[in-house]
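Trainee: what's the 3D shape of this:
(2 chains)
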There are 2 protein chains.
Amino acid sequence: MSRNNSHAPESGEIQKYVYSFGKETDGDASMRALLGGKGANLAEMAKIKLPVPAGFTLTTEVCDYYYKHQLQYPKGLEAAVHAAIQRVEAEAQKRFGDPQDPLLFSVRSGARDSMPGMMDTILNLGLNDQTVESLAKKTDNPRFAYDCYRRFIQMYGDVVMGVQAEQENDHDPFDGLLEQLKNDLKVHNDTDLEAKDWQTLITQYKALIQKRTGRLFPQDVYEQLWGSISAVFSSWNNERAVIYRQKYGIPSEWGTAVNVQRMVFGNKGPACATGVAFTRDPANGQKVLYGEYLINAQGEDVVAGTRTPNPIADMATQMPKAYAELKAVQVTLEKHFRDMQDFEFTIEEGHLYMLQTRNGKRTGLAAIRIAVEMEAEGLISQKEALKKIPADSITSLLVPIFDRASREKTPVIAKGLPAGPGAASGHIVFAASTAEKLVAQGKKVVLCRIETSPEDLKGMIAAEGILTARGGVSSHAALVARQMGKICVCGAKDLVIDYHQKTLSVGGFLIKEGDFVSIDGSTGEVFAGAIASAPSEVTQVIDGLLAPEKSATYGLFAKVMSWADTFRRLGIRTNADTPEQAKRALALGAEGIGLCRTEHMFFEGNRIDFVREKILATTPQDRLAAIQKLMPFQRQDFVDIFRVMKGYPVTIRLLDPPLHEFLPQDQAAIEHTAKHLKVSVEHIQKRIAALHETNPMLGHRGCRLGIVYPELTEMQARAIFEAAAIVAKEGHAIPVEVMVPLVGYLGEYKHQAAIVHKVAQEVSAQNNITLNYRVGTMIELPRAALLADQIAQEASFFSFGTNDLTQTTLGMSRDDAGTFLPHYSAMELIGQDPFASLDQEGVGQLITLAVERGRKTRPDIKLGICGEHGGDPASITFFHKAGLDYVSCSPPRVPVARLAAAQAAL
Amino acid sequence: MSRNNSHAPESGEIQKYVYSFGKETDGDASMRALLGGKGANLAEMAKIKLPVPAGFTLTTEVCDYYYKHQLQYPKGLEAAVHAAIQRVEAEAQKRFGDPQDPLLFSVRSGARDSMPGMMDTILNLGLNDQTVESLAKKTDNPRFAYDCYRRFIQMYGDVVMGVQAEQENDHDPFDGLLEQLKNDLKVHNDTDLEAKDWQTLITQYKALIQKRTGRLFPQDVYEQLWGSISAVFSSWNNERAVIYRQKYGIPSEWGTAVNVQRMVFGNKGPACATGVAFTRDPANGQKVLYGEYLINAQGEDVVAGTRTPNPIADMATQMPKAYAELKAVQVTLEKHFRDMQDFEFTIEEGHLYMLQTRNGKRTGLAAIRIAVEMEAEGLISQKEALKKIPADSITSLLVPIFDRASREKTPVIAKGLPAGPGAASGHIVFAASTAEKLVAQGKKVVLCRIETSPEDLKGMIAAEGILTARGGVSSHAALVARQMGKICVCGAKDLVIDYHQKTLSVGGFLIKEGDFVSIDGSTGEVFAGAIASAPSEVTQVIDGLLAPEKSATYGLFAKVMSWADTFRRLGIRTNADTPEQAKRALALGAEGIGLCRTEHMFFEGNRIDFVREKILATTPQDRLAAIQKLMPFQRQDFVDIFRVMKGYPVTIRLLDPPLHEFLPQDQAAIEHTAKHLKVSVEHIQKRIAALHETNPMLGHRGCRLGIVYPELTEMQARAIFEAAAIVAKEGHAIPVEVMVPLVGYLGEYKHQAAIVHKVAQEVSAQNNITLNYRVGTMIELPRAALLADQIAQEASFFSFGTNDLTQTTLGMSRDDAGTFLPHYSAMELIGQDPFASLDQEGVGQLITLAVERGRKTRPDIKLGICGEHGGDPASITFFHKAGLDYVSCSPPRVPVARLAAAQAAL
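Mentor: Here you go, the predicted structure:
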């Protein structure tokens, strides 16, 4: 038995806790979990012969052991560390602690996922009163040597020995001593200090440590090493690391590795440098070596910002040999890691050393360009390229953007929630009617309201952008903005809006109606003044204003979308209420309308008067008459939409919102309506009072309207089917899907479906035509999801209305959650905003269950989703897994949905 | 093979479709499903030798066959019917269709469950132009014979031949001819018509049938019979029967049986009679023969109400022999059927015939008395007795009642929803403060409001009864009424209330403040004037005002409750917010408090000012100070409740309602508060505006309050635990259960529970005492139910808040459902009001799932329910099956819950 198993670890054999890298390397990039990201990539770089200073990694298993055994280390670790040190010594031709020519180390953390700045680092380890002298001599640079030593004492004193500020707002005590010294010497910069000054400081630092801890700063380099290793392992559980992990969902069991690496110095003299670089431009994706460096500096100097680094391109002239080496590294790294790399390097006496590499963060635009170009270069496959593009980033190709220079000279006066991405600039107005008026005069306006209501719709459509002082990302303004791809900043709380004076005041600025303001819906910033902007090139190409071949970004867009369509399984539809929205969505790749809300049509033109006439009617006859006046308008709306859709399916939701939403809101509007409809103001006020609801979201709306007023459903069905008949005769048979909203009981659905089927038969007979239609329902109440098996007996499709399903499942009103959800986020009580990204654990369960039960009753049932979540990538992944047939989202989200659907399928 | 199976029906053997009854009887009472209720009981009565006219029953299987085979009958049915007729003929010594001495039949429907008046009946079948003559001769009563014939033609013409009113509001055409004849003859009553007049009418009836149908009225008696049988089977699917079945949940597959029975006549002369009787008084349960009869009349005359029947007791003198027979039947029926019977009889020439018997409907009081007395008589067991008492009926022993005579002379002016059973009478007042003032003067008042709000609470408590013009059975008024056992009529829509004039006007009545009104919360009636009333005897005994042995109803109550407690498994707790409520509930048998709402306490005395101070505070310091002022009050409230509960567990819910509910509502109250708290009116108005919510039900309430204002939770926890410590030192260690409301996420629960545990530790340490407490949560959101497994990791009990769980699962606001739910009921779209009786299909699924998941994580988790459904018998049955540990209901529902829990267990 033992012979055959001679290579397997035997019981009692020492586990491998230490992995070396350098000329001989034990690990590689695949061992991220064991060696951490930094350690694994150092090993990988060493393997592919990039110039990595030798070192070794203590694995995350050591961390695990350390925490499970009262901060003790496993047996044999010490010996393994000694052995690893010997390998480094051999390679470096120096010895750790050697009083003549000491080998120095850095000790750094390195978890599986990067946690920048959260854990501790020790540099220059191995210096003591003796070795610092030989370092000074060897380098012929005493100032450098003593500076290194005092830095080491400071870091060690802080991190390992716990000498820190005693009160929260105090200065670091070491920095305090440094400042005092500079005061005493009347100098301003560290660079003005000389070797003897550093020596003075070293004495003071050591005294501080002794005073505070009662212990001496250790002169034994092994004591220094183990103290540092323990400190780094311990920093895995410091407060900021714990909070960071909670925020980003990193399990505490992962632990960190510890990397011990030979120090190289970028601050020894003019042939030394340190820097960071990207293999491509992280801002725009261009294939250039991008980054910055500082001559004669240590890494922390680049970060500290005390000196301004030079662009990396300058190296071509300043350090041509090192620059050539870096260019070669750029190619090697990309070829090897097959992604854009963000790396740190040090040049010591003309020699390049690689200290770290990782996949670089990048803007949306850069992500797209890099993925497309790497695919073209043959570095990655189409599938890999798709996976590298965050689905949301595609919107960066679609939003208008501000001219950068213009933006920088315009003051930011407030910040709200970025609710509708893009850049808008125009005259500020405080009323929807004023917006319409000014736009009719050819002006661009930004509509600014405390909050918006459906009455503001026409003004919102007219405006370039919408700015509100109240309401979250799910407020009316934000919803409309997303729906219409409108630029919007909402909930900018500092704004004080005075409708009467027509002014906006904030932080000393007083802005009057007609003044210029600008808003950036991607950042939430509000600017006082005009900023130049333009529609995106992709939009210009789609609108025929730019030839596709003239736009590089359109080329990127088209390529990514065509790949996405190759791989996705989910169908992509859009939520569109008007022909314009439908047209835009089709141009962006939608394959049908998943939600056409009929109520928005009610506000168009003067037809709102007929709606109000109906609501204010006192007899069923008058009510019916008012409804019948609406019919031709509704029919024409559908004709227009059907014509645009050219054979693609259209799902139409029957009237959903409570009737009071259609009544005038303020006194002026009430008086206007009274005069116009020849009824008394009192009558309107009475009707408003009668229709008032305590919880309108849970009130008389959805199919409950059509059940109490079946003539409404009948009118809408007739408008839909007559429109379908007209368009069919023109040669475009549109598959029409009539959707009953807010169904909770099968009985409700049957009642409404019966009316729709009856009207369909009548219209078929009258027009001698076979209508291609289905009737189905929204699943937007928990009860409907739970009883999906029953409802599927009659309904031929389900469309999940995840907005309302979220509100009811969580018992949380989107309109009111602003008072507590921000507290929840601040306290990390829940994950993502459930109105932005589907609550998969809760609401998702109901969807999964409804899918199963619906399909059990009716295997060929059509399943889609038309809530706001239809445009959210994480939610789309869930819908893909849940087995839905399609997602429907607002027109500007269609490209995101196409991409996210493809990523879900990969 | 065939030998051993000789008794089994062979393939091809004719199924038994016809069951005879009479001297030889095939069926019995157990065959209800096959023979229908009427048929089975006729057979049973025949078996026990009661005088049943012979006949036979066509089974429900024939009905089933009939509908499954295009209205054809099974092979062999005709032969079986013929054979059955021959048996009747043999017993009656007459022949069907015999021109000399005809046997006549009735043909009646009879489903498994009684569907009174829904299906068709034919009497006097077998009469034709010939047999009517011999009947006239035989009875020596031509007037009787021709009247019988014309009645038969009319029924047959209507039911079988379809001669009916042509327009919805027209008269029956046969009745039209009768009326015209009476007009022509200038007589008013049918009794004024003579034999020849009936003959004239017969000619007219036959002509009408021929004109309308083109067919002759059939003279062939077998054609008459089959026509009638088919008509009765067909009437199973007439519109009113279908609606009735939907309403009462009777499956359409059950079908009806058809009973063909020899006619006996109560209208042949003065020795004849017909009547209905109960074996006990259905109103009060007294063991007397109760009923009414008419001499010389047919059954339909009793129903028609054209003649006033005599009380059955009169028979003792008028028809002593028949009366003696009836008294014997009374004993036989009860002994045999072991329940109170409701039976129909006919006396033909001095002979008693039984035509039907069934379990009699009865009032709540009667149900209790009958069950208890039958058990005492040894007729039934305790278990059977319990099952015979509808659980709700126990409340009839507890509500005050009006004096009947006084009530009858007081005019009913309006009707609302019976929201709080009982009878209240007093001076009408229109403001809560007036109610308090008058009650302080020793007057009884009825508080009348358009609708009530928490501000009215003190006035509501003071008033005898509450009357509102708006709001359903779940409105604030109704909830408070149930909670406090207050008499209440709500939503009496016709009332026009003028707060300014202090008047109530309705239907010509103008009632001013101080006038007497009375309300009956069991019927919803509103009376103009005072009506005498008194508390129930049970209440008087409980309150020590009446010796138990002096009250028969208390004896009934005590016996039924003691039986119930023997058999039930579910614990019974109460929802109580005050010591008074707790005391009452304990007296009615509650075993703990399942829901103690802390917010009601906030309105007591002047502490609402501190609450308002807190809400209006502008700094955290002021807020904390205001909260700390509340603490001693809260603590004292809990001390008082704990003292009453003497060791029983108390579940306390942390603050739940949105803060705006605590702010003053109208201008006067705002001004008062401003003055009192020394803040500006504008500040209060601003705060009210800031706290305004679109959907408060889904807004900032429940644990969301305690999370944003942790000092609130801390104060409440401290008040609870300090109170527990005080009472424990007095010798009553109360198991305290602190309940976190509106939890959707485990994170929310953990946040709140941590505060509660922390305070418990502090109070334990300060008092050097071990507190007996648990922390748990309401399950009142679908998300909480779905994630019960997660939440149970931390929560040690669940209490289902079925009110909110219903609102969220159905997406239906109780406060707003009044605009559409009544339509739903009218259209039979859904079953019972989901706020009155649990929606078992929908909400029930979530409860079942949460029970399973909660127990899976924590097998010993304590499970209860504290929504309004805790007092509803059907819901209690569900909760028993779902495996809950207890239900909690309002104090007056405790006896109902005890009884329903026992019935669920049986």
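
Trainee: most proximal residue of the stretch 201-350 of chain A with respect to chain B?
Mentor: A:Gln246 (10.5 Å; C-beta to the nearest C-beta). Glycine gets a C-beta too; all of them are placed from N, C-alpha and C.

Trainee: if I look at that residue, how far off is B:Lys388?
Mentor: 60 Å (C-beta to C-beta, to the nearest Å).

Trainee: so for the two, which sits in the more crowded spot?
Mentor: Shown here are A:Gln246 and B:Lys388; by other C-beta atoms under 10 Å in any protein chain shown, B:Lys388 has more neighbours (22 against 11).

Trainee: now that one: closest residue in space that isn't a chain neighbour?
Mentor: Excluding the flanking residues, the one nearest B:Lys388 by C-beta to C-beta, 6 or more residues apart in numbering or on different chains is B:Ala371, at 4.4 Å.

Trainee: helices of the stretch 701-850 of chain A, start to end?
Mentor: A:703-708, A:710-729, A:746-767, A:782-786, A:788-791, A:802-810, A:821-827, A:843-857 (DSSP state H, counting those that start in this stretch).

Trainee: and the residue nearest to B:Lys388, what helix or strand is that in?
Mentor: helix B:364-376 (DSSP states H and E).

Trainee: please save the CA atoms from that helix in CSV.
Mentor: This file holds the C-alpha atoms of helix B:364-376, laid out as CSV (Å, rounded to 0.1, in the frame of the first residue of the first chain):
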residue,chain,number,x,y,z
GLY,B,364,-77.7,30.3,18.2
LEU,B,365,-79.4,30.2,21.5
ALA,B,366,-81.6,27.3,20.4
ALA,B,367,-78.6,25.4,19.0
ILE,B,368,-76.9,25.6,22.4
ARG,B,369,-79.9,24.7,24.4
ILE,B,370,-80.9,21.8,22.2
ALA,B,371,-77.4,20.4,22.1
VAL,B,372,-77.0,20.6,25.9
GLU,B,373,-80.5,19.2,26.6
MET,B,374,-80.2,16.4,24.1
GLU,B,375,-76.9,15.4,25.8
ALA,B,376,-78.6,15.5,29.2
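
Trainee: buried sites along that helix?
Mentor: Buried residues in helix B:364-376, defined by neighbour count with 16 or more other C-beta atoms under 10 Å in any protein chain shown: B:364-375.

Trainee: now render the residues you listed as TSV, adding pLDDT.
Mentor: Formatted as TSV, the buried residues of helix B:364-376 follow (pLDDT from 0 to 100):
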residue	pLDDT
B:Gly364	77
B:Leu365	79
B:Ala366	85
B:Ala367	91
B:Ile368	94
B:Arg369	93
B:Ile370	96
B:Ala371	97
B:Val372	97
B:Glu373	97
B:Met374	97
B:Glu375	97
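
Trainee: got JSON lines for these, with distance to A:Ser406 too?
Mentor: Output for the buried residues of helix B:364-376, formatted as JSON lines (distance: C-beta to C-beta, whole Å):
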{"residue": "B:Gly364", "distance to A:Ser406": "82"}
{"residue": "B:Leu365", "distance to A:Ser406": "86"}
{"residue": "B:Ala366", "distance to A:Ser406": "89"}
{"residue": "B:Ala367", "distance to A:Ser406": "85"}
{"residue": "B:Ile368", "distance to A:Ser406": "86"}
{"residue": "B:Arg369", "distance to A:Ser406": "91"}
{"residue": "B:Ile370", "distance to A:Ser406": "91"}
{"residue": "B:Ala371", "distance to A:Ser406": "89"}
{"residue": "B:Val372", "distance to A:Ser406": "91"}
{"residue": "B:Glu373", "distance to A:Ser406": "95"}
{"residue": "B:Met374", "distance to A:Ser406": "94"}
{"residue": "B:Glu375", "distance to A:Ser406": "93"}
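
Trainee: so the residue nearest to B:Lys388 sits against B:Ile389, correct?
Mentor: Yes: between B:Ala371 and B:Ile389 there is a contact under C-beta atoms under 8 Å: 5.0 Å.

Trainee: overlap of the contact sets of those two?
Mentor: Residues touching both B:Ala371 and B:Ile389 by C-beta atoms under 8 Å, 6 or more residues apart in numbering or on different chains: B:Val560.

Trainee: in chain A, what spans have low per-residue confidence?
Mentor: A:1-14, A:168-169, A:247, A:302-308, A:472-475, A:482-485 (pLDDT under 70).

Trainee: what residue is smack in the middle of it?
Mentor: A:Asp392 (7.3 Å; C-alpha atoms, centre = their mean).

Trainee: how close does that residue get to chain B?
Mentor: Remark: distance between A:Asp392 and chain B (C-beta to the nearest C-beta, to the nearest Å) = 25 Å.

Trainee: cool, A:Gly883 as well?
Mentor: From A:Gly883 to chain B the distance is 19 Å (C-beta to the nearest C-beta).

Trainee: quick one: contacts for the nearest residue to that residue once chain neighbours are set aside?
Mentor: Using C-beta to C-beta, 6+ apart and skipping residues adjacent in sequence, the residue nearest A:Gly883 is A:Val851, 5.6 Å away. Contacts for A:Val851 (C-beta under 8 Å, 6+ apart) come out as A:788, A:863, A:882-884.

Trainee: mind checking how far A:Val851 is from A:Lys862?
Mentor: For A:Val851, the distance to A:Lys862 - C-beta to C-beta - is 11 Å.

Trainee: kindly report the same for A:Arg362.
Mentor: 39 Å.

Trainee: so which of the two has more stuff around it?
Mentor: When A:Arg362 and A:Lys862 are compared for neighbours, A:Arg362 comes out ahead with 26 against 20, by other C-beta under 10 Å.

Trainee: what's near enough to touch the more buried one?
Mentor: A:280, A:282-283, A:285, A:340, A:370.

Trainee: repeat for A:Glu133
Mentor: A:Ala145.

Trainee: check which residues of the helix or strand where it lies are buried.
Mentor: Following DSSP H and E, one finds A:Glu133 within helix A:131-139. For helix A:131-139, a neighbour-count test (16+ other C-beta under 10 Å) marks A:131-136, A:139 as buried.

Trainee: need the residues that contact the following helix or strand past that helix.
Mentor: Moving toward the C-terminus from helix A:131-139, the next helix or strand (DSSP H and E) is helix A:142-159. For helix A:142-159, the surrounding residues in contact (C-beta under 8 Å, 6+ apart) are A:104, A:120-125, A:127, A:132-133, A:135-136, A:139, A:163-164, A:172, A:174, A:193-195, A:198-199, A:201-202, A:205-206, A:208-209, A:217, A:224, A:227-228, A:231, A:235, A:265, A:267-269, A:298.

Trainee: sorry, back to before: the helix holding A:Glu133 to helix A:142-159, inter-axis angle?
Mentor: If you take axes from the mean of the first three to the mean of the last three C-alpha atoms, to 10 degrees, helix A:131-139 sits at 150 degrees to helix A:142-159.
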